[in-house]
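Trainee: Sequence and computational prediction follow.
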Amino acid sequence: MAIKNYILVCGGTGCESSHSNEIYKNLISEAKKQGVENDVQVVKTGCFGFCEQGPIVKVLPEDSFYVKVKPEDAAEIISEHIIKGREVTRLLYDKNISKEHAQVEDIQFYQKQFRIVLRNCGFIDPENIDEYIARDGYSALEKALFEMTPDDIINELKIAGLRGRGGAGFPTWMKWNFTKKAENDIKYVVCNADEGDPGAYMDRSTLEGDPHSILEAMTICGKTIGACKGFIYIRAEYPLAIHRLEVAMEQSRKYGLLGKDILGSGFDFDIEIRLGAGAFVCGEETALLQSIEGKRGMPQPRPPFPAVKGLWGKPTEINNVETWANVPVIIHKGGAWFSKIGTEDSHGTKVFALTGKISNSGLVEVPMGTTLREIVFDIGGGIANGKKFKAVQTGGPSGGVITKENLDTPIDFGSLIKIGSMMGSGGMIVMDEDDCMVDVAKFYLEFTVDESCGKCAPCRIGGKTMLGLMNKITDGTGTMEDLEKIKKIAQAMKRGSLCALGQTSPNPILSTMKYFPEEYKAHIIDKKCPAGKCKKLISYVIDPDKCVGCTACARKCPVGAISGKVKEPHKIDPNTCIKCGVCYTTCKFGAISKR
Amino acid sequence: MTLEELRNLRAKKQDDLKKRDIEGKDCQIIVGMGTCGIAAGAKLALEAFIEALDEKGITNVSVTQTGCMGLCYVEPTVEVIVPGMPTTIYGKVDATVAKKIVEDHIVGKKLVTDHIFDRPSIDIIKNGGK
């Protein structure tokens, strides 16, 4: 006999702790008791990402979404839903939506994510152009070539209110308009795929999952601004993305969607890939253009902006991967559709790479205005291993931290700047109680100091000096005056640096100083690292009452700093100890503590 | 290609997707093959699927690849489409789980417990088939 219904019981950590296992068992036994065990299959699933409403039970094929289910509800689910075919209304998440919830516009439903940029990722075979075409692919290009004038296209972007997704949030229509108005017979279109923020992989995943959307968007732009040549600047570290782009370009050319006389419209456009060597500064647009020209990747003063004088001195439209991926949808569905999503100040969605101390790390796309709490606790399933949430770093080495107090801030361009962070390109690193904020700030500064191109003095010298002061603090030799010095240097760097790398590199420090002043004080005044991360400020001690003298730690210690006889309490010599922590993880009796 | 030809191709392909019938194969196994999925072992899962299907002499199942679905914490991810059954996303699919999916889901028409996950978002493309 064929199975009619499938009951999915969430087996995520959150739901398991609220007895989803019992629900699962009860459902199976109830199905047997009521004689329908052959019509229904009960299965345990992974986390549904809606943990605060757990435990969650979903019944297919009706797609009924039951929340806060109790083990004793099992009998009713079987007798009502499975046997009589009636949904158990009192358990439904939204009683008003019930069966008609599967509408596209209904983005407020339990799935907090809404995918525009990632619309095809996980749906199509990225190496098969037919699948892209079947999912409305290249229909925006049709419109752009045959139905719309360049001004129509720019106007559609204006109505949509699309803002640059690379971090700065500049209105895309304005940029296109500047490039269109710039008079020149040769213009260029460039895709910035030089993704470099630590922990960010939004662009890579987009290119790997849906390369044609970028090609289509760039071609539409070429038609709009009057360019017939495009470049995709991508890091050589992304071999799969490069391969899929190459395959996609070959297929597009074969179909006449790239190259001469596209779809018989008389418009020519082609794209070339340029590989970057992985310098972080080459994500800065002027440095990127230098690198495409074959020069050393160093930023240039702006103005003139690339829209006026860009690649080889010609007007150039340069956008980030995520910005490009939005364009075909806006042209196909219309700017008005797009502008309904998000907040007043920021329309559409944003893709984030959610990493760090989070249960469900992943690539998430949410409407603008979603709160950080929803991302971390609903989609991300909360902090891993039951630890306490401390902060989230957004905007990578250019951004800042968002603390517990600001968890309910809606994520859009304006709100994030107000609380001292920034949208950035979309890296989102979650930190828990074990992370030292001074150490985190130092890590990002080390990164930007390493990646500074050295062209301008504020960034080159300022960054290095600031790092010296930060090292003093984490070594326990810092003073309160050092904090003042750091603030002064930060101001100078923000004002005097040539490009955003230098201007924004003090942000992680300034923002951690603002939100975690007590951690800086603990390092400077008490000479302690509360999270136990800064090696010079911690010491490992053996509790003689708990130590049983098993000698396990002494045998593992790489520098022989632990001494003691068998079955007698051991001791650590603080002068020899290198604070590697091996003894701490080796001890089975919890006798070793960090101080 | 002309405009006309592109539109015809799109209509035909949309039909194929709706019928869920690609070159006479009515079942699909779609493996997430982004860098993340591959790093987590998606290639091994893909090979295991093909091997298991060959062993059993099953010919109505197509095995294809797609990009990243965004569920990094349970890679490799796989979507399984079988007529008459709910479209299912499986996570943490290694070679053993892949074999189990072929035996239980494709042959036995039952879902494989403990590995099911939810597609993180609804599809914004209305007539996109699947």
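Mentor: The structure has been received and is ready for your questions.
Trainee: What about the closest residue to chain A within chain B, how many residues nearby?
Mentor: Across chain B, no residue is closer to chain A than residue B:67, which sits at 2.0 Å (Cβ to the nearest Cβ). C-beta: built from backbone N, CA, C; applies to glycine. Residues lying near residue B:67 (other Cβ atoms under 10 Å in any protein chain shown) number 30.
Trainee: Contacts only, for it.
Mentor: Residues counted as contacts of residue B:67 (Cβ atoms under 8 Å, 6 or more residues apart in numbering or on different chains) are A:120, A:121, A:122, A:124, A:126, A:205, A:208, A:209, A:210, B:32, B:33, B:34.
Trainee: Can you tell me, leaving aside adjacent residues, what's nearest to the second one?
Mentor: Looking back up the chat, that one is residue A:121. Leaving aside its sequence neighbours, residue A:121 sits nearest to residue A:209 (Cβ to Cβ, 6 or more residues apart in numbering or on different chains; 3.2 Å).
Trainee: and if you look at the last one?
Mentor: For residue B:34, ignoring the flanking residues on the chain, the nearest one in space by Cβ to Cβ, 6+ apart is residue B:68 at 3.3 Å.
Trainee: That neighbour: neighbouring residues, count only.
Mentor: The number of residues packed near residue B:68 is 29, by other Cβ under 10 Å.
Trainee: Likewise for residue A:267?
Mentor: By other Cβ under 10 Å, 17 other residues sit near residue A:267.
Trainee: Does the closest residue in space to it that isn't next to it in sequence belong to a helix, a strand or coil?
Mentor: Nearest residue to residue A:267, sequence neighbours excluded (Cβ to Cβ, 6+ apart): residue A:223, at 5.6 Å. Under DSSP: H, G, I helix; E, B strand; the rest coil, the three-state class of residue A:223 is helix.
Trainee: Show me the shaky parts of chain B.
Mentor: Along chain B, segments meeting pLDDT under 70 span B:17-24, B:126-130.
Trainee: pull the longest helix from it.
Mentor: In chain B, taking DSSP state H as the definition, the longest helix is helix B:3-19.
Trainee: ok, and what's touching the following helix or strand past that helix?
Mentor: Using DSSP states H and E, the helix or strand that follows helix B:3-19 in sequence is strand B:27-32. Outside strand B:27-32, the residues that touch it by Cβ under 8 Å, 6+ apart are A:122, A:125, B:20, B:22, B:37, B:42, B:45-46, B:49, B:60-69, B:75-83, B:93, B:101, B:106.
Trainee: Export only the CA atoms of the longest helix of chain B, formatted as PDB.
Mentor: Listed next in PDB are the C-alpha coordinates belonging to helix B:3-19 (Å, rounded to 0.1, in the frame of the first residue of the first chain):
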ATOM      1  CA  LEU B   3      14.300  35.800 -29.800                       C
ATOM      2  CA  GLU B   4      11.700  33.400 -31.100                       C
ATOM      3  CA  GLU B   5      13.900  30.400 -30.600                       C
ATOM      4  CA  LEU B   6      14.800  31.500 -27.100                       C
ATOM      5  CA  ARG B   7      11.200  31.800 -26.100                       C
ATOM      6  CA  ASN B   8      10.400  28.400 -27.600                       C
ATOM      7  CA  LEU B   9      13.300  26.800 -25.800                       C
ATOM      8  CA  ARG B  10      12.100  28.300 -22.500                       C
ATOM      9  CA  ALA B  11       8.600  27.100 -23.000                       C
ATOM     10  CA  LYS B  12       9.800  23.600 -23.800                       C
ATOM     11  CA  LYS B  13      12.200  23.400 -20.900                       C
ATOM     12  CA  GLN B  14       9.500  24.700 -18.500                       C
ATOM     13  CA  ASP B  15       7.200  22.000 -19.600                       C
ATOM     14  CA  ASP B  16      10.000  19.400 -19.100                       C
ATOM     15  CA  LEU B  17      10.500  20.600 -15.600                       C
ATOM     16  CA  LYS B  18       6.800  20.600 -14.800                       C
ATOM     17  CA  LYS B  19       6.400  17.000 -16.000                       C
END
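Trainee: burial measure for residue 118, as a count.
Mentor: I'll assume chain A. By the measure other Cβ under 10 Å, the count of residues near residue A:118 is 30.
Trainee: oops, I was thinking of chain B
Mentor: The number of residues packed near residue B:118 is 21, by other Cβ under 10 Å.
Trainee: Likewise for residue A:77?
Mentor: Residues near residue A:77, counting by other Cβ under 10 Å, number 27.
Trainee: quick one: it is in a helix?
Mentor: Yes. Looking at residue A:77 with three-state DSSP, it is inside a helix.
Trainee: where does it land on pLDDT?
Mentor: Listed pLDDT for residue A:77 reads 92.
Trainee: got it, and the one 3 residues further on?
Mentor: Reading off the confidence values, residue A:80 has pLDDT 89.
Trainee: Could you do the one 5 residues further on as well?
Mentor: Model confidence at residue A:85, expressed as pLDDT, equals 85.
Trainee: cool, and residue A:396?
Mentor: Note for residue A:396: predicted pLDDT of 88.
Trainee: excluding its backbone neighbours, what's nearest residue B:69?
Mentor: With Cβ to Cβ, 6+ apart, the residue lying closest to residue B:69 is residue A:122, at 3.3 Å.
Trainee: can I assume the one you found sits in a helix?
Mentor: No. Assigned with three-state DSSP, residue A:122 falls outside any helix and is coil.
Trainee: List the residues that contact whichever residue of the stretch 201-350 of chain A sits closest to chain B.
Mentor: Proximity of the stretch 201-350 of chain A to chain B (Cβ to the nearest Cβ) peaks at residue A:209, 2.0 Å away. Counting by Cβ under 8 Å, 6+ apart, residue A:209 makes contact with A:118, A:120, A:121, A:122, A:124, A:126, B:34, B:66, B:67, B:68.
Trainee: Okay, the third one and residue A:313: tell me how far apart.
Mentor: In other words, residue A:121. Look at residue A:121 and residue A:313: by Cβ to Cβ, to the nearest Å, they are 37 Å apart.
Trainee: So which of those two has more stuff around it?
Mentor: More neighbours surround residue A:121 than the other of residue A:121 and residue A:313, with 27 against 13 (other Cβ under 10 Å).
Trainee: ok, that one - contacts?
Mentor: A:115, A:205, A:206, A:208, A:209, A:210, B:34, B:66, B:67, B:68, B:69, B:70.
Trainee: how about a markdown table for those, with distance to residue A:190 added?
Mentor: Listed next are these as a markdown table, based on distance: Cβ to Cβ, whole Å:
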| residue | distance to residue A:190 |
| --- | --- |
| A:115 | 25 |
| A:205 | 20 |
| A:206 | 16 |
| A:208 | 20 |
| A:209 | 21 |
| A:210 | 19 |
| B:34 | 24 |
| B:66 | 28 |
| B:67 | 23 |
| B:68 | 24 |
| B:69 | 29 |
| B:70 | 27 |
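Trainee: Just the residues you listed: which are in strands?
Mentor: Among the contacts of residue A:121, DSSP state E puts residue B:66 in strands.
Trainee: nearest to residue A:595, of the contacts of residue A:121?
Mentor: Nearest to residue A:595 among the contacts of residue A:121, counting by Cβ to Cβ, is residue B:70 at 41.4 Å.
Trainee: Touching, the closest one and residue A:362? I think so.
Mentor: Yes. Counting by Cβ atoms under 8 Å, residue B:70 does reach residue A:362; the two are 4.9 Å apart.
Trainee: where do the contact lists of the two overlap?
Mentor: Joint contacts of residue B:70 and residue A:362 (Cβ under 8 Å, 6+ apart) are residue B:120.
Trainee: ok, back up a step: just curious, which of the contacts of residue A:209 is nearest to residue A:239?
Mentor: Among the contacts of residue A:209, and counting by Cβ to Cβ, the member closest to residue A:239 is residue B:34, at 12.3 Å.
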